[in-house]
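A.B. asks: Just the structure for this:
(3 chains)
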Amino acid sequence: MNEIETSGGPSRRGVEAGVALATVAFGLLAAFGSLLVGIGWGVEGPKSGFFPFYIGCVVIVAGLINLLAARRHPKGQLFAAWPQLRLVLAVVVPTAVYVAAIPWLGLYVCSIVLIAAFMVFQGKYRPIFAIALSAGIVVVTFATFEWWFLVPLPKGPIEELLGL
Amino acid sequence: MFRAAGLLMAIALTMGGGVPVWAAAWQPTRPVEFIVPAGTGGGADQMARVIQGIVTKHNLMPTAMVVINKAGGAGGEGFLDIKASRGNPHKLVITLSNLFTTPLATGIPVSWKDMTPVAMMALDEFVLWVNAEKPYKTAAEYVAAMKAAPPGQFKMGGTGSKQEDQIITVAMERLTGVKMTYIPYKGGGEVAVQLVGNHVDSTVNNPIEAVAQWRAGKLRPLCVFDKIVLPVTDKIAGDMAWSDIPTCESQGLNIQYLMLRGIFMPPGATKEQVQYYVDLLEKVRATPEWKQLMHDGAFNPTFMTGDHYAAWVDTEDNRHRDLMKEAGFLAGN
Amino acid sequence: MEELVNLFHGFAVVLQPYNIMLMIIGILLGVIIGVLPGLGGANGVAILLPLTFSMSPTSAIIMLSCIYWGALFGGAITSILFNIPGEPWSVATTFDGHPMARNGRAGEALTAAFTSSFVGALFAVIMITLLAPLVASFALRFGPAEKFSVFFLAFCSFIGMGKEPPAKTIAAMMIGFVMAAVGLDSITGNLRLTFGFTNLINGFDFLIAVIGLFGIGEILLTMEEGLSFQGRAAVINPTVVWRTWKELPRYWKTSLTSCLVGCWMGISPAGATPASFMSYGIAKRSSSNGEAFGTGQIEGVIAPETAAHAAGTSALLPMLALGVPGSPTAAVLLGGLMIWGLQPGPLLFVEQKEFVWGLIASMYLGNLMGLIIVLTCVPLFAAILKVPFSIIGPVILVFCAIGAYTVHNSTFDVALMLIFGILGYVMKKCDYPLAPLVLAIVLGDKAEEAFRQSMLASQGNLGVFFSNGLVGTIMTLGLAMLFWQPLQTVFARLRGQ
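C.D. replies: Numbers count the residues shown, from 1 in each chain, chains lettered A, B, ... in the order given. Modelled structure (predicted):
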């Protein structure tokens, strides 16, 4: 507990402001995109961009209000402590790699690596056990989706090699 | 007829899988995905599911066939998927007119030239429908009522925007000089129900989308958008048969429009692969279930393959370009 | 009276041992489909289709419809255990169902969800049996304006009820509306907000957003807390079903309201999703401990589940009578009809009596059978939470990826899912409510479409939303819901004087 309290982290204020600014940017993008397709109210009712434009405007306004409100959070308040964020990133980064690798290696191989790595590094399981279990899970998944339910999922060179 | 079909099938089977002589006999080795570039319950979806049923029931293929709906972007999603699956022989797509209209209206970069034509299964007809409670008995009476009302008073319901239904609506507006209000819905079934509920004044539903409501006495067909009357003579509602619906031309509405129900596969398919599917679809056409569908939906059962088919599609593509241009439906307008 | 005779005849058909066996197969398959993301009813049909050709249409449709029931039951399981709703109408179940599981009450939450589903479905089937012809004609009265009013009511009964800052609620909801608008504008047939990216022509699919925001976001939150998942501490006790059942009758009022809301939404073709949100909103407002909703209240599970299933079941009637499927799973049933040459439509009830009443009888028995099957499995499902998080966590990630991929067969969507996951984590930490965002994604484009169809039909006259009794009443109800809190204070003051 002490470690978390003393280790510091991004301030709540800063993150709130960042989210609010992102909201404003999103609203601007929506309003701009709507202007491209027409935002008028024709004889036959609203045009393509009518709703998105005004909704985009509301998003901008709401974002600005949230930006002001961000200052209401006390100065010392943390969004999360660094050790906590490190744990979160321990999921986000491997998952991002996983997602990026799927088009090249196929979903099944990537999944075996992801599950096994997670078990070894987060759960401190023995590598042999982790690989055996993750391979087992993935093989069952393969059989369920590809053979039984006939749902083709992305496959890579290894499946090609095995002729699956 | 039955026996002939069975014999044909037997011969086809012997040639296809029985004797491993000349190596041309390609066969699918994985489940074949049958893409429908439209939502569930529509005409293309129904036809795809019937084909799936026939193929499965009569064991026409060594692997399974799976129907997948990819309706996003007015069907653009499905066509893009086929375009991106170059050389994958385990994918088919059934098309409707959005093969031509979607790229033109949305600018989605896809064209029939990005796909390999396999076969035309049928042409779908369009019929002008009104609610049976309304007094109009003929298309001429309906047009007269339209002309008497203020512009925009009459509402035409249809599937999608800037697609076949709206093309026909614009053509009607041009011929009659009366402005109609076109209201787009998601699917043909929903359009027919909206007409039954009197939320629109007329529709141009395909026969199969509206036949159940016609038989129940809820809808009335006024005319068919074809050169000749429909060939099916069985009585459907009371003493009316499909063949009793006059052509729109005879009613003073000189509009003809037929919709392609054709099969394509991804680009880069080999001759043997295309031939396999052509043979498969020939077998499908020979089954009683297919004949029943053609009969129920009053389809125009024209079958075309190879260069004839490609040439037909090319002509249609150009015609749609002109139609869409005239109507002001091209992307960027 | 004639209906009852027909129904008993239907029961006789369904109760043949052969048909009962088919029901069990269908339900088991349906539960699997409901649990595994990325599998839909169409996949179930692909497997069963070859089998069905040797059956009579009635037997075949019994089996196919049982896939439907099984999938409805199965959808609640992942919502409660992992915060991952597989279908739009399971979203509201996560609000209280998942907190219950986190508090170690997964067994109770599952039992309540399954039982409520059964009650809702049963109520709807009884209504179908007694009122079939009336119901079909009621559905016909729903044009675009009426549909919009229903969506409006769904929004109104749900918003303005959170503890979060209003500007954040509004921002979340409006972002959802913008996302719903991306892609093809169905009224003009033009693309909008895609900025030339072909990946965006499908828009932001609800399932991808929800898997990311709820599922991945939840995993990230769990990680932050140091992999501590309190649900694991729960003692799995086979008697949990009985204990929960003893508690359930206390909430009969919530159940009844939810049944009525669900049936109504099902018949008007708005469907199960608005029904579940609306019912949750109403239960929260009318319950004595409404303030505690969202922290794991059993009422917060009962309300959306009952309504969703009442709606899902009663929606089958307009489908059979009008031929318009309300959901992809319902389209499976419709596809089934067509393969046997049965044309859905008004005459189906006249010409195919045995078939229709066989189907209705199978609704009764299929639901009962489904309930028994899933309830016996409650301890099994709850035991999944006992698996250490370092194993179940990555497995959930993999299944989320599969679910996101299968929506459009696109790896782009998997990346999108991860982005939604990070977004969900940050939003949750910053007190942005996720539910309005999801509600807007699910219903936003439908509401806009209905609004613009109405505007086309009325030639731009807003008066169309009060042009007849039906639409006027629903709109007024919606406005009353929207201003519920101010109105309540006014009433309270009046009473005080």
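A.B. asks: Which of the residues in stretch C:362-376 are classified as buried?
C.D. replies: Neighbour counts using 16 or more other C-beta atoms under 10 Å in any protein chain shown place C:362-367, C:369-371, C:373-375 of stretch C:362-376 among the buried residues. From N, CA and C alone the C-beta is placed, and that goes for glycine too.
A.B. asks: contact partners of it?
C.D. replies: Contact with stretch C:362-376 is made by C:10-11, C:14-15, C:19-20, C:23-24, C:26-28, C:30-31, C:61-62, C:65-66, C:69-70, C:72-74, C:110-111, C:114-115, C:117-118, C:121-122, C:125, C:128, C:241, C:313, C:316, as judged by C-beta atoms under 8 Å, 6 or more residues apart in numbering or on different chains.
A.B. asks: Would you mind listing the residues in contact with the residue in chain B positioned nearest to chain C?
C.D. replies: Among all residues of chain B, residue B:212 sits closest to chain C, at 2.5 Å; criterion: C-beta to the nearest C-beta. Listed by C-beta under 8 Å, 6+ apart, the contact set of residue B:212 reads C:323, C:343-348.
A.B. asks: any idea where the strands of chain A begin and end?
C.D. replies: Using DSSP state E, the strands of chain A run over A:41-42, A:45-46.
A.B. asks: Go through the ones you listed and pick out the most buried.
C.D. replies: strand A:45-46 (a mean of 20; mean count of other C-beta atoms under 10 Å in any protein chain shown).
A.B. asks: any residue of that one up close to chain C?
C.D. replies: Yes. Contact of strand A:45-46 with chain C (C-beta under 8 Å from any C-beta of the partner chain) involves A:45-46.
A.B. asks: hey, which helix or strand in chain C has the poorest pLDDT?
C.D. replies: Of all regular secondary-structure elements in chain C, judged by mean pLDDT, DSSP states H and E, the least confident is helix C:328-339 with a mean of 68.
A.B. asks: Which segments of chain A make up each domain?
C.D. replies: As recorded under automatic domain parsing, the domains making up chain A are A:2-72, A:82-162.
A.B. asks: SS state for the nearest residue to residue B:293 once chain neighbours are set aside?
C.D. replies: Leaving aside its sequence neighbours, residue B:293 sits nearest to residue B:50 (C-beta to C-beta, 6 or more residues apart in numbering or on different chains; 5.2 Å). Here residue B:50 is recorded as helix under DSSP: H, G, I helix; E, B strand; the rest coil.
A.B. asks: Number of residues surrounding residue B:50?
C.D. replies: Neighbours of residue B:50 under the rule other C-beta atoms under 10 Å in any protein chain shown: 23.
A.B. asks: any idea how far residue A:148 is from it?
C.D. replies: 24 Å (C-beta to C-beta, to the nearest Å).
A.B. asks: So which of the contacts of stretch C:362-376 are in strands?
C.D. replies: Reading strands off the contacts of stretch C:362-376, I find no matches (DSSP E).
A.B. asks: Buried ones among those residues?
C.D. replies: By neighbour count, with 16+ other C-beta under 10 Å, the contacts of stretch C:362-376 hold C:10-11, C:14, C:19-20, C:23-24, C:26-28, C:30-31, C:61-62, C:65-66, C:69-70, C:72-74, C:110-111, C:114-115, C:117-118, C:121-122, C:125, C:128, C:241, C:313, C:316 as buried.
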